[in-house]
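Asks: how would this look folded up:
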Amino acid sequence: MNRDWENRLAARPLLPVVSIEDADQAVPLADVLLDCGYASCEVVLRTAAALEAVERIASNRPELYVGVGTVIRASQVGEAAAAGARFCVSPGFEPGIAAAARNAAMPLVPGVATASEILAALAADFHFLKFFPAMASGGPGYLESLAPVFPEVRFCPTGGIRSGNLADWLELECVACVGGTWFVPGSAVAAGDWEEIRDLAVAALTAATKILEKSVS
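Replies: Model (predicted):
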């Protein structure tokens with residue numbers, strides 16, 4: 001499988017992880033994210049409207065690289081593909097989901113939290129992995145200790161990351177991007193409070209960009 005999608009996900013330092021309760025909110029949210037400079041987003045499969053939301057974004061705002069998260073069953077890979085998703089994210093590594101993604105030529109970001117799980121993912125030829133739950137699994141220090149053993153792996157940490165600890169993650173060389181909800185809160189999405197989301201999203205991306213600029217200077 002062509003792995004250009006990995007660079008698409010890592011095109012920005014932040015991956016918005018969004019929960020959409022009403023599919024009518026999908027396109028307005030996509031517009032805000034695009035206006036704020038985001039290149040992709042992950043819509044979690046935790047609501048009844050999630051797949052329709054993905055379909056609306058894929059159909060109306062194809063310039064936003066939209067995927068689905070919280071994939072916990074192999075059948076969801078096909079459902080995501082049918083909705084127009086460009087990638088899938090799973091909270092763990094499960095061979096059935098991995099096989100379904102491979103059969104559908106669907107990019108998959110499996111979740112890992114231990115060295116054994118990373119080894120299993122590598123054995124199945126997955127090199128772009130979600131480190132989840134990032135803070136509860138040991139935080140940036142733990143991932144930093146694992147990374148030298150797996151130099152070919154790029155990580156997208158997600159879970160418990162906020163503005164206050166963002167720099168600790170982005171400064172790690174093994175981190176390609178960081179997933180989060182703090183700048184796209186579900187309550188604001190449900191309320192259609194696009195100004196709040198715009199303010200949070202701009203602030204988060206600006207902070208992330210400055211962190212990266214400082215780390216390479």
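
Asks: got the residue ranges for the strands in the protein?
Replies: Assigned by DSSP state E, the strands in the chain fall at 14-18, 40-44, 65-69, 88-89, 108-109, 111-112, 128-131, 154-157, 178-180.

Asks: closest one to residue 198 among those?
Replies: Nearest of the strands of the chain to residue 198, taken as Cβ to Cβ: strand 14-18 at 12.2 Å. Bear in mind the C-beta positions are built from the backbone N, C-alpha and C, glycine included.

Asks: what lies in contact with stretch 127-146?
Replies: Stretch 127-146 has contacts (Cβ atoms under 8 Å, 6 or more residues apart in numbering) with 3, 6, 9, 89-92, 109-115, 118, 121, 152-161, 165, 168-169, 172, 174-176, 179.

Asks: okay, now residue 181: neighbour count?
Replies: Number of residues near residue 181 (other Cβ atoms under 10 Å) recorded here: 18.

Asks: what's the closest of the strands of the chain to residue 195?
Replies: Here strand 14-18 is closest among the strands of the chain (Cβ to Cβ), at 16.2 Å.

Asks: output the contacting helices and strands for that closest one.
Replies: On a contact count with 3 or more Cβ pairs under 8 Å, 6 or more residues apart in numbering; DSSP states H and E, strand 14-18 meets strand 40-44, strand 178-180, helix 194-216.

Asks: mean neighbour count for the strands of the chain - can I get that in JSON lines?
Replies: Below are those laid out as JSON lines (neighbours: other Cβ atoms under 10 Å):
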{"stretch": "strand 14-18", "mean neighbour count": "26"}
{"stretch": "strand 40-44", "mean neighbour count": "25"}
{"stretch": "strand 65-69", "mean neighbour count": "26"}
{"stretch": "strand 88-89", "mean neighbour count": "27"}
{"stretch": "strand 108-109", "mean neighbour count": "28"}
{"stretch": "strand 111-112", "mean neighbour count": "26"}
{"stretch": "strand 128-131", "mean neighbour count": "26"}
{"stretch": "strand 154-157", "mean neighbour count": "25"}
{"stretch": "strand 178-180", "mean neighbour count": "24"}
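
Asks: residue 80 is nearest to which of those?
Replies: strand 65-69 (4.3 Å).

Asks: for that closest one, which outside residues touch it?
Replies: 5, 8-9, 17, 30, 39-45, 50-51, 54, 57-58, 76, 80, 83-90, 107.

Asks: same question for stretch 206-215.
Replies: Residues outside stretch 206-215 that contact it (Cβ under 8 Å, 6+ apart): 12, 13, 14, 163, 166, 167, 170, 171, 178.
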